[in-house]
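In: Here is a sequence together with a model predicted from it:
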Amino acid sequence: MPRYITLRPELYEQLRQEAARRNRTIKAQALHWLTIGKAVETSGLYPHTELSALLERFDLENQFE
């Protein structure tokens, strides 16, 4: 049974562009990024505050693309 999520338009566009660069479908690229995020978050190597700061910085750097 399919499940759906809503993405911010700019995140969807980044996903689409990266999928094209990597010769992946948008779904495959999204799953790839989700897997990386899960691995990083569950590794215990990075405190939540550090990950939050990194994501905030990433969002700021990429808001004008």
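Out: Nice, I can see it.

In: can you give me the helices in this structure?
Out: Counting by DSSP state H, the chain has helices at residues 9-21, 26-43, 48-62.

In: With mean neighbour count, distance to Met1 and mean pLDDT added, can I get the ones you listed in TSV?
Out: For glycine as for every other residue, the C-beta is placed from the backbone atoms N, C-alpha and C. Below are these laid out as TSV (neighbours: other Cβ atoms under 10 Å; distance: least, Cβ to Cβ, whole Å; pLDDT from 0 to 100):
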stretch	mean neighbour count	distance to Met1	mean pLDDT
helix 9-21	13	22	95
helix 26-43	12	15	95
helix 48-62	10	30	88
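
In: Relative to Pro2, which of these is closest?
Out: helix 26-43 (10.5 Å; Cβ to Cβ).

In: Show me how far that closest one is from its chain's centre.
Out: Taking Cα atoms, centre = their mean, to the nearest Å, one finds helix 26-43 lying 7 Å from the centre of the chain it belongs to.

In: just stretch 10-18 next, same as before
Out: Counting by Cα atoms, centre = their mean, stretch 10-18 comes out at 9 Å from the chain centroid.

In: and the residue lying closest to Ile26 once chain neighbours are set aside, how far is that from His32?
Out: Nearest residue to Ile26 in three dimensions, chain neighbours excluded: Ala19, at 4.8 Å (Cβ to Cβ, 6 or more residues apart in numbering). For Ala19, the distance to His32 (Cβ to Cβ, to the nearest Å) stands at 9 Å.
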